[in-house]
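Enquirer: build the 3D model from these lines:
(chains A, B, C and D)
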Protein chains: 2
Amino acid sequence: MFDTHGALDKSRSSDFSTLAPASPQVVELRGIMGLPTTASSYGRGEEIYGEGEPADYLYRVTRGAVRTYKLLSDGRRQIDAFHLPGDTFGFNAGDSHVLTAEAVVDTVVGVVKRRALEGAAKTDAKIACEMWRTTARELRHAQEHMLLLGRKNALERVVAFLLDMDRRLSVVGLMALPMCRRDIGDYLGLTLETVSRSLSALAEMGLIGLSGARQITLRDRPRLRAMTE
Amino acid sequence: MFDTHGALDKSRSSDFSTLAPASPQVVELRGIMGLPTTASSYGRGEEIYGEGEPADYLYRVTRGAVRTYKLLSDGRRQIDAFHLPGDTFGFNAGDSHVLTAEAVVDTVVGVVKRRALEGAAKTDAKIACEMWRTTARELRHAQEHMLLLGRKNALERVVAFLLDMDRRLSVVGLMALPMCRRDIGDYLGLTLETVSRSLSALAEMGLIGLSGARQITLRDRPRLRAMTE
DNA sequence: CGGTGAATTGACGCTGCTCAATAGCGGTGG
DNA sequence: CCACCGCTATTGAGCAGCGTCAATTCACCG
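Expert: Numbers count the residues shown, from 1 in each chain, chains lettered A, B, ... in the order given. You can find the predicted model right below:
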């Protein structure tokens, strides 16, 4: 009856105090795909890796939040995903990153060498399969997001975002968003003003509650779900 | 000096003629990832699989073209990719499809059982790795497309589409598009009218030539490339 | 408290959508 | 062979949703 809930292991985080290591790079307890992992910290806004850099590491968020994005030459930005505690990112079939990764807030990530992972995958089919499933999960998210970006209106996009964040980081019905309105806009293909207006409209309708710009409660999930079709 | 180009081994494919089978479902010459494949035909507009159906097969386009898409409940459609000869599709980590696949024109595909593939992946790390790379390639395309859908204007989207199609299906500088304006619009997050207007504008500028609605020549690739940043 | 970045709100304009009419094209049959 | 039909594409006119620019207001932190 232990180790049955692979996907939602947000539990392990407490009771590590006895193992506190001496090195500044703390070794994490459970690694990524079974491999040993070292911890690394990034300040709010700090770059973790840039587009075009060699992709030598795989990351998992321990604390905080990470945005991965692409830029056009004139500065237009498209955030393709927010990575929250428990999520992996930086995985890549090619040699170099095609996205840039930045810490949204002060963030701690676990890091594993890509070569160690690929070495392990050669002998262990379980790891190879896990790598594939990780990439496939990202692909499904991207497909869902293309539908949002190509065919949903502003209100539908914001509602979809809120429901996703609610699912991923709500603790007691209250959601504390780590990212600003501009980040949300660049994720949803909108401007920050349109995001703000959509949130105000939803609050006006009584569908959400705003207690501080980044503290949001969903007051009617069924109706919100119906809005994204 | 043999077997050094792992990724592009489309070579081994000839000299199977002696094995030509009697069945109506002709065994294809070149398999998918080395596995034997049966051919299957679909008429223009015919569904190959639907969203929610069990994902039991992997497909490769032999002739024709395939669109994969998602729908909203009110009929809005987002085409996530066009699959042209040589492309694989229908690959999926989950048990059921999250997209619908349809033949854009009369199409022949090669089909391989998913279980055969996953069985082979268990013992053959090369196949497992190839599966991962296939999914990773789709993911990169999706990330590029999210940037297009979220942040590019109509003209930039159409230009990006033309350059991609040119790369993938141009033979002698002339490109014969298999899909209609509505399909292009649903791929680019635009209406068919906006696609048509953008193409007319590009022809007006002398950047492309239109000889029949679906026969397009690119007259100035460098300038077109500069337009997508 | 004051300062600074984030968020809200308003006014206005533009890009792309909607609705509608017309033109082109490919296939079919007299 | 050509006339006809249906589907696809083009083009126009008007409109609306979202972006842009600008002015406050808010919240957080020293």
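
Enquirer: which helices and strands does whichever helix or strand A:Leu148 is part of pack with?
Expert: Element membership for A:Leu148, per DSSP states H and E: helix A:125-151. Packing contacts for helix A:125-151, counted by 3 or more Cβ pairs under 8 Å, 6 or more residues apart in numbering or on different chains; DSSP states H and E, involve strand A:77-83, helix A:114-123, helix A:154-169, strand B:66-71, strand B:77-83, helix B:114-123, helix B:125-151. Where C-beta positions appear, they are placed from N, C-alpha and C, glycine not excepted.

Enquirer: nearest to DNA strand D, out of the ones you listed?
Expert: The closest of the helices and strands packed on helix A:125-151 to DNA strand D is helix A:154-169. By Cβ to the nearest atom of the strand, the value is 3.8 Å.

Enquirer: beyond that closest one, next helix or strand please.
Expert: Next along the chain from helix A:154-169, counting by DSSP H and E, comes strand A:174-176.

Enquirer: mind giving me the domain ranges of chain A?
Expert: Here the domain parsing of chain A from automatic domain parsing is A:6-150, A:152-227.

Enquirer: pLDDT wise, what is the residue at minimal distance from the centre of chain A at?
Expert: In chain A, the residue lying closest to the centroid (Cα atoms, centre = their mean) is A:His83, at 1.2 Å. A:His83 is assigned 98 on the pLDDT scale.

Enquirer: related to what we said a few turns ago, rank the domains of chain A by pLDDT, which is bottom?
Expert: domain A:6-150 - the lowest mean pLDDT of those, at a mean of 85.

Enquirer: so the closest residue to A:Gly189 other than its chain neighbours versus A:Leu148, what's the distance?
Expert: Nearest in space to A:Gly189, with sequence neighbours left out and distances taken as Cβ to Cβ, 6 or more residues apart in numbering or on different chains, is B:Gly150 at 3.3 Å. B:Gly150 is 9 Å from A:Leu148, where distance means Cβ to Cβ, to the nearest Å.

Enquirer: cool, and A:Ala39?
Expert: Distance, A:Ala39 to A:Leu148, by Cβ to Cβ: 33 Å.

Enquirer: more crowded one of these two?
Expert: Taking other Cβ atoms under 10 Å in any protein chain shown, A:Ala39 and A:Leu148 do not tie; A:Leu148 has more neighbours (22 against 17).

Enquirer: could you dump the helices and strands packed on helix A:125-151 to CSV with distance to A:Gly45?
Expert: What follows is those, written out as CSV (distance: least, Cβ to Cβ, whole Å):
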stretch, distance to A:Gly45
strand A:77-83, 14
helix A:114-123, 25
helix A:154-169, 20
strand B:66-71, 34
strand B:77-83, 32
helix B:114-123, 41
helix B:125-151, 21
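
Enquirer: of all the ones you listed, which one comes closest to A:Tyr187?
Expert: strand A:77-83 (4.1 Å; Cβ to Cβ).

Enquirer: beyond that closest one, next helix or strand please.
Expert: Of the helices and strands lying after strand A:77-83 in sequence (DSSP H and E), the nearest is strand A:88-89.

Enquirer: so in that sheet, which strands flank that next one, and in what orientation?
Expert: Strand pairing for strand A:88-89, using DSSP bridges, gives strand A:57-63 (antiparallel).

Enquirer: what residues does the partner strand touch?
Expert: Here strand A:57-63 makes contact (Cβ atoms under 8 Å, 6 or more residues apart in numbering or on different chains) with A:28, A:32, A:37, A:39, A:48-49, A:66, A:83-91, A:101, A:107-114, A:117.

Enquirer: tell me the buried residues within these.
Expert: Listed as buried from these are A:28, A:32, A:37, A:39, A:48-49, A:66, A:83-85, A:87-91, A:101, A:107-112, A:114, A:117; burial here means 16 or more other Cβ atoms under 10 Å in any protein chain shown.

Enquirer: quick check: closest non-adjacent residue to A:Ala136.
Expert: B:Ala93 (3.3 Å).

Enquirer: surely the one you found forms part of a helix?
Expert: No: looking at B:Ala93 with DSSP: H, G, I helix; E, B strand; the rest coil, it is coil, so not inside a helix.

Enquirer: any figure for the gap between it and A:Leu139?
Expert: Separation of B:Ala93 from A:Leu139 (Cβ to Cβ) stands at 8 Å.

Enquirer: so what sits against both of the two?
Expert: Shared contacts of B:Ala93 and A:Leu139 (Cβ under 8 Å, 6+ apart): B:Thr135.

Enquirer: more crowded one of the two?
Expert: Neighbour tally, B:Ala93 and A:Leu139, criterion other Cβ under 10 Å: the higher count belongs to A:Leu139, 24 against 16.

Enquirer: residue contacts, the closest residue to the more buried one other than its chain neighbours?
Expert: Excluding the flanking residues, the one nearest A:Leu139 by Cβ to Cβ, 6+ apart is B:Leu139, at 4.7 Å. Residues counted as contacts of B:Leu139 (Cβ under 8 Å, 6+ apart) are A:135, A:138-139, A:142.

Enquirer: picking that back up, pull up the overlap in contacts between B:Gly150 and A:Leu148.
Expert: Common neighbours of B:Gly150 and A:Leu148, using Cβ under 8 Å, 6+ apart, are A:188-189.

Enquirer: ok so, going back, how about TSV for the contacts of B:Leu139, with distance to DNA strand D added?
Expert: Output for the contacts of B:Leu139, formatted as TSV (distance: Cβ to the nearest atom of the strand, whole Å):
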residue	distance to DNA strand D
A:Thr135	30
A:Glu138	25
A:Leu139	25
A:Ala142	20
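
Enquirer: and of those, the nearest to chain B?
Expert: Nearest to chain B among the contacts of B:Leu139: A:Ala142, at 3.6 Å, using Cβ to the nearest Cβ.

Enquirer: write out the residues of chain A neighbouring DNA strand C.
Expert: A:180-182, A:192-193, A:195-197, A:199-200, A:210, A:213-214 (Cβ under 7 Å from any atom of the strand).

Enquirer: count the residues that sit near the closest residue to A:Ala125 other than its chain neighbours.
Expert: Spatial nearest neighbour of A:Ala125, excluding adjacent residues (Cβ to Cβ, 6+ apart): B:Lys122 at 5.2 Å. Here the number of neighbours of B:Lys122 (other Cβ under 10 Å) works out to 13.
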